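Peer 1: Predicted structure and sequence below. I'll ask about it afterward.
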Amino acid sequence: MEYVLTKKEKSIVEAKVTIDGELWTKAQKKSFNKLAANLQIQGFRKGKVPADMAKKYIDPRKVLADSIDLVLQDGYSYVLNNEKELEVMAQPDVAVAEVNEEKLVVVYSLTVRPEVTLGQYKDLTIEKEAVEVTEEDVNAELAKIQDKNAELVASEEAVKMGDTVNLDFKGFVDGEAFEGGEAKGYDLVIGSGSFIPGFEEALVGVKPGESKDVNITFPENYVPALAGQKAVFKCTVNSIKTKVLPELNDELALDENIDGVSTLEELKAHLSSQIKARKERASEGAAYEKLVETIVTSSTLEIPEKLLNDDINAQLENLKERAKQQGITYEQYLQLTAQTEEELKAKLSENCERNLKTSFVFGKIAKDNNVTITNEDIDAEFAKIAESYKMDVETVKKALEGRVNELANNIFMSKIHDLLVNSNNIK
């Protein structure tokens, strides 16, 4: 057996392999014997036809065709065993260039790891957004605490934004009730945006016990059966509850049960510290993303088409499965998201290409800087998780035995993050 390698565009290496000699002879013999074992002609039992006679009834082209399947893996393995540096990223495409009783010539199109020429990835200066905590930020958090501790009090006043309304409703299109358009005793927070645009606003001003016909038009990206259609909902408001907020005082601060917080001013200081930490994390995350984008954009490589297409198709199938789990078809998903299949595939292609490029750039950086994942790294991560959840390490290992690759990837990404952050100036 011998082969010739030829580099092609977009990370394709063609391996032209000649399979001959004993291997090819044995494959043909095995193929012939299998066909002969199933041969049945008059005067002989099945599988008992003499070889010389069987040759007259067995198509030699069929023998060759079946023999090819028997040796394809041998040819592929021979190349990989002799070319240790080839990093094949996908199943090869296979084409038969020549076949006869003396030899088989097969061309394996191998998708290999692309060659990456890194741009500058050290000593870059990236500016991150300065963090400032405003009075409005603190007041917004205080408002959330008030809302969390609010009471709902029965009201006889007309509905207003923010009220919780208990209502009965039934929807009609062209005078006919439609499926899923009816409910009794339904609690709806007015202004929550839970219902079709215009529905909640139309109930403002209605008093307990009153009824009202609410006219709406379903959005164009709604479920196909109702999209764009006009409807009338016959509504009756059974009761109204108004949200009463607690006062902003020391008592509210104590109710939060935060260590070291017993007054409103201490609560404000605590919230300010939390907001600052959150904004710092967001600022650092955005700066890191900008750093990665700068590095990846300045690097040069060609993404293998097969890898990109496989990635797009996998994402597409995953999306279809999620739509199915949500009870809608793929076509309905496209309508609900107001996009064509071509537009969706274009977005997926852009995302997949960016992710693949980033992955290969990170791989090259890791190789150049001897970044590796060891068994000790994995064990340390298991120990960290065990300590975090107050569990035995062996229990954690057993629970996560199917996710070791995911764990290793997280460790790898963390090491790359640290390397890049420490090698550049983020200020």
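Peer 2: Now that the structure is in, tell me what you want to look at.
Peer 1: Give me the nearest residue to Ser298, chain neighbours excluded.
Peer 2: Gly119 (2.6 Å; C-beta to C-beta, 6 or more residues apart in numbering). For the C-beta atoms, the positions are set from N, CA and C on the backbone; glycine is no exception.
Peer 1: List the buried residues for the longest helix belonging to the chain?
Peer 2: Assignment by DSSP state H gives helix 264-298 as the longest helix of the chain. Residues of helix 264-298 classed as buried under the neighbour-count rule (16 or more other C-beta atoms under 10 Å) are 264, 267-268, 270-272, 275, 279, 287-288, 291-292, 294-296.
Peer 1: State the pair within those that is farthest apart.
Peer 2: Leu264 and Val296 (47.5 Å; C-beta to C-beta).
Peer 1: Model confidence for the closest residue in space to Glu115 that isn't next to it in sequence, exactly?
Peer 2: Computed as C-beta to C-beta, 6+ apart, the closest residue to Glu115 that is not its neighbour in sequence is Leu301, at 6.6 Å. You'll see Leu301 listed with a pLDDT of 94.
Peer 1: Please name the residues that touch Leu301.
Peer 2: 114-117, 357, 360-361 (C-beta atoms under 8 Å, 6 or more residues apart in numbering).
Peer 1: These, buried ones only, as a ChimeraX selection?
Peer 2: In ChimeraX syntax, the buried subset of those is picked out as below (16+ other C-beta under 10 Å):
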select :114,116,357,360,361
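Peer 1: Out of the contacts of Leu301, the closest to Glu2 would be?
Peer 2: Using C-beta to C-beta, these come closest to Glu2 at Glu115, 25.8 Å.
Peer 1: tell me which element the closest one falls in.
Peer 2: Using DSSP states H and E, Glu115 falls within no helix or strand.
Peer 1: can you count the residues close to Leu142?
Peer 2: 17 (other C-beta atoms under 10 Å).
Peer 1: I'd assumed Glu210 was in contact with Cys235.
Peer 2: No: shown here, Cys235 and Glu210 do not form a contact pair, counting by C-beta atoms under 8 Å, at 9.2 Å.
Peer 1: More neighbours: which of these two?
Peer 2: Taking other C-beta under 10 Å, Cys235 and Glu210 do not tie; Cys235 has more neighbours (22 against 13).
Peer 1: Spell out the secondary structure type for Ala107.
Peer 2: Not Ala; residue 107 is Val. Secondary structure, DSSP: H, G, I helix; E, B strand; the rest coil: Val107 is strand.
Peer 1: just Val165 next, same as before
Peer 2: strand.
Peer 1: Next one, pLDDT for it please.
Peer 2: Val165 is given a pLDDT of 97.
Peer 1: Distance-wise, check the residue lying closest to Gly171 once chain neighbours are set aside relative to Ile216.
Peer 2: Computed as C-beta to C-beta, 6+ apart, the closest residue to Gly171 that is not its neighbour in sequence is Gly181, at 2.9 Å. Remark: distance between Gly181 and Ile216 (C-beta to C-beta, to the nearest Å) = 11 Å.
Peer 1: Quick check, Thr236 in contact with Leu167.
Peer 2: Yes: proximity of Thr236 to Leu167 meets the contact threshold set by C-beta under 8 Å, at 6.2 Å.
Peer 1: Let me know how buried the residue nearest to Ser298 is, in neighbour terms.
Peer 2: That count, for Gly119 with other C-beta under 10 Å as the rule, works out to 14.
Peer 1: so who does it touch?
Peer 2: Here Gly119 is in contact with 295, 297-300 (C-beta under 8 Å, 6+ apart).
Peer 1: mind putting those in CSV, distance to Asn33 included?
Peer 2: Listed next are the contacts of Gly119 as CSV, based on distance: C-beta to C-beta, whole Å:
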residue, distance to Asn33
Ile295, 59
Thr297, 59
Ser298, 60
Ser299, 55
Thr300, 54
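Peer 1: Cool, thanks, talk later.
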